[in-house]
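J.: Got a predicted structure plus its sequence, pasted below:
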Amino acid sequence: MQIRLDGKNCLVTGANSGIGFATAEGLASHGATVYMLCRNKERGEAALNQIRSKTGNENVHLEICDLSSINEVKSFATKFTSMDKPLHVLVNNAGLLEHKRDTTTEGLELNFAVNVAAPYTLTELVMPLLEKAAPDARVITVSSGGMYTEQLNKDLQFSEGDFDGTRQYARNKRVQVALTEWWAEKYNSKGVGFYSMHPGWADTPGVTKSLPGLSEKLSGNLRSNNEGADTVVWLALQPKEKLSSGAFYFDRAEAPKHLKFAGTAASHSQINPIVDSIRSICCLPALG
């Protein structure tokens with residue numbers, strides 16, 4: 001963890017609070033140039049000033065984007081890629097758990113939009129910058145242990161049956177883990193590593209808001225935001241030869257993606273048609 005990131009560019013989504021803030025601060029403390037992607041300008045500026053003050057690193061910048069809007073994600077990606085700077089680390093951290101089914105102005109189920117459609121679109125569109133940073137580039141996606149309970153499911157927007165926000169969140173997180181495998185295989189020759197991780201149950205604003213029962217039950221035993229972000233920062237710092245692209249990490253070590261007898265492993269074979277669906281939903285060009 002003594003490795004320095006001076007001269008390296010890192011982009012962190014959902015960076016104004018929780019694990020995203022702790023990740024941005026951790027990367028900045030190692031000398032990285034950090035771009036904080038936040039939805040709220042006021043909260044983003046407060047977080048930016050706090051990180052600059054705490055780390056003494058002035059190379060921390062705020063970018064504004066509402067990740068529930070795929071059009072905004074595309075606009076941001078266009079602007080960001082126009083800077084033509086190599087992107088060494090992309091952290092797909094922003095997440096959402098809404099219990100009631102809601103749709104965005106673009107007609108997407110809200111959890112799916114933020115947890116799956118946005119990180120997929122962003123990652124695909126900044127690939128040219130990641131390739132510029134090869135062979136050291138990496139994409140780290142913050143998943144959740146909640147994904148252990150769900151198979152990969154083609155009903156991406158939970159259109160069938162009674163909507164359950166907690167299950168949809170778990171499904172979204174399963175998609176992230178399967179997508180990481182898919183990206184690792186697809187971009188194997190591009191010098192970009194892909195990793196998903198479970199931060200443990202941390203005392204984040206998101207957990208407090210979305211899972212108040214869990215937050216109260218585990219009060220005093222939840223991880224701090226820094227503890228939750230520890231493996232993200234570790235993945236950003238490690239020499240790539242010590243990591244396994246496509247793998248799932250927990251507490252600085254590779255972890256299983258499936259629980260014994262859970263019956264989720266076989267579902268990952270569905271990832272290709274699911275990726276095709278996501279691309280179509282996000283109106284990205286078909287894969288060649």
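T.: That came through fine. Residues are numbered from 1 along each chain as shown.
J.: for residue 107, helix, strand, or coil?
T.: Under DSSP: H, G, I helix; E, B strand; the rest coil, residue 107 falls in the coil class.
J.: Check it and give its pLDDT.
T.: Note for residue 107: predicted pLDDT of 97.
J.: cool, and residue 218?
T.: pLDDT, residue 218: 54.
J.: cool, and residue 40?
T.: 97.
J.: cool, residue 136 as well?
T.: pLDDT, residue 136: 95.
J.: What sits closest to it if chain neighbours are left out?
T.: Sequence neighbours aside, residue 88 is the residue nearest to residue 136 in space, at 5.8 Å (criterion: Cβ to Cβ, 6 or more residues apart in numbering). The C-beta positions use only the backbone N, C-alpha and C, and glycine is treated the same way.
J.: these two touch, right, the one you found and residue 9?
T.: Yes. Look at residue 88 against residue 9 with Cβ atoms under 8 Å: they come within range, at 5.5 Å.
J.: Return the distance of the closest residue to residue 30 other than its chain neighbours relative to residue 127.
T.: Of all residues not flanking residue 30 in the chain, residue 5 sits nearest, at 4.5 Å (Cβ to Cβ, 6+ apart). Counting by Cβ to Cβ, to the nearest Å, the gap from residue 5 to residue 127 is 21 Å.
J.: Check residue 139 too.
T.: From residue 139 to residue 127 the distance is 9 Å (Cβ to Cβ).
J.: Please name the residues that touch the residue lying closest to residue 85 once chain neighbours are set aside.
T.: Nearest residue to residue 85, sequence neighbours excluded (Cβ to Cβ, 6+ apart): residue 9, at 5.5 Å. Counting by Cβ atoms under 8 Å, 6 or more residues apart in numbering, residue 9 makes contact with 32, 33, 35, 85, 86, 87, 88, 89, 129, 133.
J.: between those residues, which is nearest residue 235?
T.: Of all the contacts of residue 9, the one with the least separation from residue 235 (Cβ to Cβ) is residue 89, at 8.6 Å.
J.: Quick check: the closest one touching residue 11?
T.: Yes. Under the criterion of Cβ under 8 Å, residue 89 makes contact with residue 11 at 7.2 Å.
J.: Need the residues touching each of these two.
T.: When Cβ under 8 Å, 6+ apart defines a contact, no residue borders residue 89 and residue 11 alike.
J.: I'd assumed residue 235 was in contact with residue 10.
T.: No. Judged on Cβ under 8 Å, residue 10 makes no contact with residue 235 at a distance of 11.5 Å.
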